[in-house]
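Asker: Structure for the following, please:
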Amino acid sequence: MIQKKDKYKYLVSVVIPAYKAEEFVAKNLIKVKEVLDQTRYDYEIICVDDGNIDKTRENAEKIAKKYPKQIRVVGYTENLGKGHAVRYGMANAKGDIIGFIDAGMELDPNGISLLLEHFLWYNADIVVGSKRHPASKVVYPWQRIIISVGYQIIVRLLFGLNIKDTQVGMKFFRREVLEKVLPRLLVKAFAFDIEMLSVANHLGYKRIFEAPVELKMKFAGGVSTIASKGFIKTSWSMFWDTAAVFYRLRILNYYDKNNRKNWITPKYLTLNK
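Answerer: Modelled structure (predicted):
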């Protein structure tokens, strides 16, 4: 529980997973730093280079050298997916509140400030950015809206998550939640958000709230359309991984404590205490 007397003394950790981000990672790290500088919290930014296939890490480290107290860069040589990168960064985090924001910055990072305030207002376990929050400002193609709404209906039916949007790349967790959840997780790429949220909910961390975001999703220049091969493949992978999470949660009871011996958890993905 968040104690009122300590509410300004939190250390906030922000994980930024980065893949093929050499062109914008430096600018985005600076932007997130500027946003966090304006909050009431001490903070750290952890940039995770997911694969080291271009100059993403090199460019991120140039910024980290300028702000060594605020920014760290970690990573590995093989591309293992966004979910793995987020978990890797969280396992290296020191914060009392730990979250992530996508490196692509279709999201306005200023939303971090309001999201953090939601922790105090609601004494939350988890706060997620939501496109469907009444105060959100979203430019979002209708094709994606249809897919997103349909997916959220499925998620609510399968997992009982009482939130309207689980897929925005901005989510923050109390450290205690991650200490329980991270060792249980399996999904590396698609549907990792659902696995994190559903496992937390299953373990009793039900104070999950939504916060407004500002998002401008481009629908050209590399962003797949609803009819494209890449979009269909990605959507199918996400639905398949979602079904697998349901199977492990409801049928196998994989995430339960008494099944701990079967968890597949690399030591470096267990949150450091």
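
Asker: In terms of helix, strand or coil, where does residue 73 fall?
Answerer: strand (DSSP: H, G, I helix; E, B strand; the rest coil).

Asker: give me the number of residues near it?
Answerer: 23 (other CB atoms under 10 Å). No exception for glycine: its C-beta is placed from N, CA and C like everyone else's.

Asker: Tell me the spacing between it and residue 239.
Answerer: With distances taken as CB to CB, to the nearest Å, residue 73 is found 33 Å from residue 239.

Asker: Kindly report the same for residue 107.
Answerer: 23 Å.

Asker: Please apply the same query to residue 205.
Answerer: In terms of CB to CB, residue 205 sits 25 Å off from residue 239.

Asker: same check, this time on residue 201
Answerer: 20 Å.

Asker: which residue ranges form the helices in the stretch 151-273 of the chain?
Answerer: In the stretch 151-273 of the chain, the segments counted as helices under DSSP state H, counting those that start in this stretch are 175-181, 192-202, 229-246.

Asker: Give me the angle between the second one and helix 229-246.
Answerer: Relative orientation of helix 192-202 with respect to helix 229-246: 20 degrees, computed using axes from the mean of the first three to the mean of the last three CA atoms, to 10 degrees.

Asker: Could you double-check that residue 168 lies in contact with residue 130?
Answerer: Yes - using CB atoms under 8 Å, residue 168 makes contact with residue 130 at a distance of 6.1 Å.

Asker: For the residue nearest to residue 180 when sequence neighbours are not counted, give me its contacts.
Answerer: In this structure, residue 180 finds its nearest non-sequential neighbour in residue 203, 5.5 Å apart by CB to CB, 6 or more residues apart in numbering. The contact partners of residue 203, by CB atoms under 8 Å, 6 or more residues apart in numbering, come to 180-181, 255.

Asker: Give the phi and psi angles for residue 203, as a check.
Answerer: Per-residue torsions, residue 203: phi -80, psi 0 (degrees, to the nearest 10).

Asker: separation between residue 138 and residue 215?
Answerer: From residue 138 to residue 215 the distance is 5 Å (CB to CB).

Asker: Counting neighbours around each, name which of those two comes out higher.
Answerer: Ranked by neighbour count (other CB under 10 Å), residue 138 and residue 215 place residue 215 first, with 21 against 17.

Asker: Would you confirm that the more buried one contacts residue 139?
Answerer: Yes - using CB under 8 Å, residue 215 is in contact with residue 139, at 7.0 Å.

Asker: Just want to know which of residue 205 and residue 239 has more residues nearby.
Answerer: A side-by-side neighbour count of residue 205 and residue 239, using other CB under 10 Å, places residue 205 first with 20 against 15.

Asker: Next, that one: phi, psi?
Answerer: phi -90, psi 80.

Asker: Can you show me the strands along the stretch 101-250 of the chain?
Answerer: Under the criterion DSSP state E, counting those that start in this stretch, the stretch 101-250 of the chain contains strands at 126-130, 137-139, 170-174, 208-212, 214-216.

Asker: got a list of contacts for the last one?
Answerer: Meaning strand 214-216. By CB under 8 Å, 6+ apart, the surrounding residues in contact with strand 214-216 are 106-108, 110-111, 131, 136-140, 168.

Asker: circling back to that earlier point, which of the helices of the stretch 151-273 of the chain sits most buried?
Answerer: helix 192-202 (a mean of 23; mean count of other CB atoms under 10 Å).

Asker: follow-up on the earlier one: just the pLDDT for the residue nearest to residue 180.
Answerer: For residue 203, the model assigns a pLDDT of 96.
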